[in-house]
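Peer 1: Starting from these lines, generate the structure:
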Amino acid sequence: MTIDEELDLLDNNLRRLKIEYEIYFSSPNKRPPADTEWRVVNALRKFSDGNVGGQRISFSQRYRYNEMAQRYAVLSDLWRKKSRIKEEGYRRPQDALLAVQGVRPSGLGQAGSVDSTADDKPFTVAFSEIAKERDRIESLFKALIEAKKQAGQDTSKSGNLESFTSFVRNKTAQIRQEYGCQAVEYTVEMQDGQVRLKAKAKA
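Peer 2: The predicted model follows:
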């Protein structure tokens with residue numbers, strides 16, 4: 001197997017591990033994906049010294065490896081926190097939000113990013129082109145509904161995804177026009193014991 005093929009395998013296993021952890025956290029009877037994580041960790045260690053089977057990896061291969069290693073580090077930290085919450089229960093409002101958050105991709109803080117890198121940070125996503133960001137609207141809607149459920153709030157009046165999409169589209173257009181901003185940031189957070197959705201202009 002060539003170095004590129006091994007990197008492809010590592011990438012595939014990392015994607016699979018992410019999916020398996022999502023299933024684990026959403027299913028109370030599931031066990032953590034220890035086997036897949038062991039394969040990922042072993043592969044990362046194999047590449048860590050810059051040599052694979054006596055072959056020196058190239059700059060582009062090293063860059064690709066570093067990207068995957070960083071991605072795993074962020075995911076691993078989030079999984080560790082969510083595992084603790086799953087085992088101990090939701091003791092704080094922030095825990096309920098963390099349970100439904102995704103992982104912020106590269107380009108931290110940019111429009112369209114999803115922030116979940118810290119325990120006490122609320123779920124945040126920014127929109128700049130609503131028509132092309134339906135997946136992020138779905139993530140925001142899911143975060144809002146799940147956070148309300150975890151907080152024991154009634155979700156019957158939250159509407160459906162289509163009505164929520166219309167609301168976000170209109171609210172985003174209104175704020176962009178009013179403030180002349182490039183993007184609008186939405187945050188799902190706890191305030192006075194209630195889950196709130198807040199929107200603000202973002203440069």
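
Peer 1: which residues of the protein score low on pLDDT?
Peer 2: Scanning the chain for pLDDT under 70 picks out 28-29, 50-54, 86-122, 203.

Peer 1: Please enumerate the strands of it.
Peer 2: Counting by DSSP state E, the chain has strands at residues 51-52, 55-56, 114-115, 123-127, 183-191, 194-202.

Peer 1: TSV please, covering those strands and showing mean neighbour count.
Peer 2: Backbone N, C-alpha and C define where each C-beta goes, glycine included. Formatted as TSV, the strands of the chain follow (neighbours: other Cβ atoms under 10 Å):
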stretch	mean neighbour count
strand 51-52	15
strand 55-56	10
strand 114-115	18
strand 123-127	24
strand 183-191	19
strand 194-202	16
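
Peer 1: Make CSV from these and add distance to Pro32 to it.
Peer 2: Below are the strands of the chain laid out as CSV (distance: least, Cβ to Cβ, whole Å):
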stretch, distance to Pro32
strand 51-52, 28
strand 55-56, 33
strand 114-115, 23
strand 123-127, 23
strand 183-191, 26
strand 194-202, 28
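
Peer 1: Those strands: which one's closest to Gln150?
Peer 2: strand 194-202 (8.4 Å; Cβ to Cβ).

Peer 1: Check which helices and strands that closest one is in contact with.
Peer 2: Here strand 194-202 is seen to pack against helix 134-150, helix 161-179, strand 183-191 when contacts are counted using 3 or more Cβ pairs under 8 Å, 6 or more residues apart in numbering; DSSP states H and E.

Peer 1: Val184 contacts Ala199, correct?
Peer 2: Yes: shown here, Val184 and Ala199 form a contact pair, counting by Cβ atoms under 8 Å, at 5.6 Å.

Peer 1: Overlap in contacts, those two.
Peer 2: Residues within reach of Val184 and of Ala199 at once, by Cβ atoms under 8 Å, 6 or more residues apart in numbering, are 171-172, 175.

Peer 1: In this structure, which helix is the longest?
Peer 2: Longest helix in the chain, counting residues (DSSP state H): helix 59-88.

Peer 1: buried ones in that helix?
Peer 2: Neighbour-count burial for helix 59-88 flags 61, 64-65, 68-69, 71-72, 75, 78-79, 81-82, 85-86 (criterion: 16 or more other Cβ atoms under 10 Å).
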